[in-house]
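1. Provide a 3D model corresponding to the input given below.
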Amino acid sequence: MRARNIVEYVTETPYNVNTSFLNQMLEQYAADKANPMSQYTLDVNIDPDTDLLGKHINDLQKDINIIDGKFYGVLHYVRNYTGFSGNPDEQNGYYICFHVTYDGAETIKVNGVTLDEDGIIVIIIKNTAGEPKAKIEITKDGETFTDEISFGGLKYEGAGYDDYMGNFKPGYIPPIRPFKGGK
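-> Numbers count the residues shown, from 1 in each chain. Have a look, this model is predicted:
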């Protein structure tokens, strides 16, 4: 049965059905088929027990959501993440983990890094000012499609005092500690 036949069938039923909504869905489906990048998925629901190069998802982030390709939530400052990189400059900072899928893709790359079959990637956010972005490249049937995702909705917590600058880093959210009282 063709999709158009479904709409025709629904309009002939005695039920009160909003056919304009169904037509809108069909138009979106046709637009998605015409734009291959609209068919990939981003997911932040990673099993808490998954080993992410020596860390777990809760070590890196919390309350992450994606709305229209923009990430929102909180990243924790992580120290000594030696499993992420052998480069000491990349072992401390803010990291985000997410899952990218695309049915039938030959390769999926995020910022030039080819993903394994599980589609999970951890990347470091080196510049927390402004709106950090990442580039997604998907190759299917010999064609490469690209898109850009934004991390501009993220908040950064736990970096603390910057010994080199003598001030707090941008985005620092101090941990909440109970008042212990004084004399």
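2. from now on I want contacts and neighbour counts done on CA atoms only, so please keep to that.
-> OK.
3. Three-state assignment for Asn58, please.
-> Following DSSP: H, G, I helix; E, B strand; the rest coil, Asn58 is assigned to helix.
4. can you give me the neighbour number for the nearest residue to it once chain neighbours are set aside?
-> Spatial nearest neighbour of Asn58, excluding adjacent residues (C-alpha to C-alpha, 6 or more residues apart in numbering): Pro48 at 6.7 Å. When neighbours are defined as other C-alpha atoms under 10 Å, Pro48 has 12 of them.
5. mind telling me what element Pro48 is part of?
-> Using DSSP states H and E, Pro48 falls within no helix or strand.
6. name the helices or strands packed onto the helix or strand Cys97 falls within?
-> In this assignment (DSSP H and E), Cys97 forms part of strand 93-101. Helices and strands touching strand 93-101, by 3 or more C-alpha pairs under 8 Å, 6 or more residues apart in numbering; DSSP states H and E, are strand 41-43, helix 57-60, strand 61-67, strand 70-78, strand 120-125.
7. redo that, cut-off 7 Å
-> Strand 93-101 sits against strand 41-43, strand 70-78, strand 120-125, with contacts defined as 3 or more C-alpha pairs under 7 Å, 6 or more residues apart in numbering; DSSP states H and E.
8. now whichever helix or strand comes after that strand: average pLDDT?
-> Using DSSP H and E, the helix or strand that directly follows strand 93-101 along the chain is strand 107-110. Strand 107-110 comes out with an average pLDDT of 94.
9. what pairs with strand 107-110, parallel or antiparallel?
-> Using DSSP bridges, strand 107-110 pairs in its sheet with strand 113-114 (antiparallel), strand 133-140 (antiparallel).
10. quick one: least confident helix or strand in the protein?
-> In the chain, the helix or strand scored least confidently by mean pLDDT, DSSP states H and E is strand 161-162, which has a mean of 41.
11. domain assignment for the protein?
-> 3-34, 41-168 (automatic domain parsing).
12. pick out the shakiest of those, pLDDT-wise.
-> Ranked by mean pLDDT, these bottom out at domain 3-34, with a mean of 58.
13. other residues contacting the strand holding Cys97?
-> By C-alpha atoms under 7 Å, 6 or more residues apart in numbering, the surrounding residues in contact with strand 93-101 are 40-44, 60-61, 75-79, 119-125.
14. again, 8 Å this time
-> The contact list for strand 93-101 (C-alpha atoms under 8 Å, 6 or more residues apart in numbering) reads 40-46, 57, 60-61, 75-79, 108, 118-126, 156, 159.
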